[in-house]
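>>> Give me a 3D structure for the following:
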Amino acid sequence: MAQHPAIEALRGAMTAMQMPFAGIDMEYNEQVVGFPGGSYVNRLITVRNPQGQTENLDAQLTMKDPQIAALDMARFMNWKV
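Below is the predicted model:
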């Protein structure tokens, strides 16, 4: 099964920055958020580290600049870049 393009872009940026991603689960998901005036869809990459902690990254923003998402991953994982 092919990964979502945003996940592929994030993995590519992490590889270019020599950041390991073994043991990190990444999955694309969409969450519909409703409010009294309507609704919208959050398009997210949910990242889970080996300790079970999760972080959500905006998939559309990741596609625009995967390097920034990779730096956010480094912050989440407590890595020095």
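>>> And the helix or strand Asn42 falls within, what does it pack against?
If you go by DSSP states H and E, Asn42 is part of strand 38-48. Counting contacts by 3 or more C-beta pairs under 8 Å, 6 or more residues apart in numbering; DSSP states H and E, strand 38-48 packs against helix 5-16, strand 25-35, strand 54-58, helix 59-64, helix 66-77. Placement of C-beta: from N, CA and C, glycine included.
>>> quick one: it to helix 66-77, angle?
Per axes from the mean of the first three to the mean of the last three C-alpha atoms, to 10 degrees, the angle that strand 38-48 makes with helix 66-77 is 60 degrees.
>>> Just put the helices and strands packed on strand 38-48 in CSV and tack on distance to Asn42, mean neighbour count and mean pLDDT.
Below are those laid out as CSV (distance: least, C-beta to C-beta, whole Å; neighbours: other C-beta atoms under 10 Å; pLDDT from 0 to 100):
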stretch, distance to Asn42, mean neighbour count, mean pLDDT
helix 5-16, 13, 18, 94
strand 25-35, 4, 11, 95
strand 54-58, 8, 15, 94
helix 59-64, 9, 17, 96
helix 66-77, 15, 18, 92
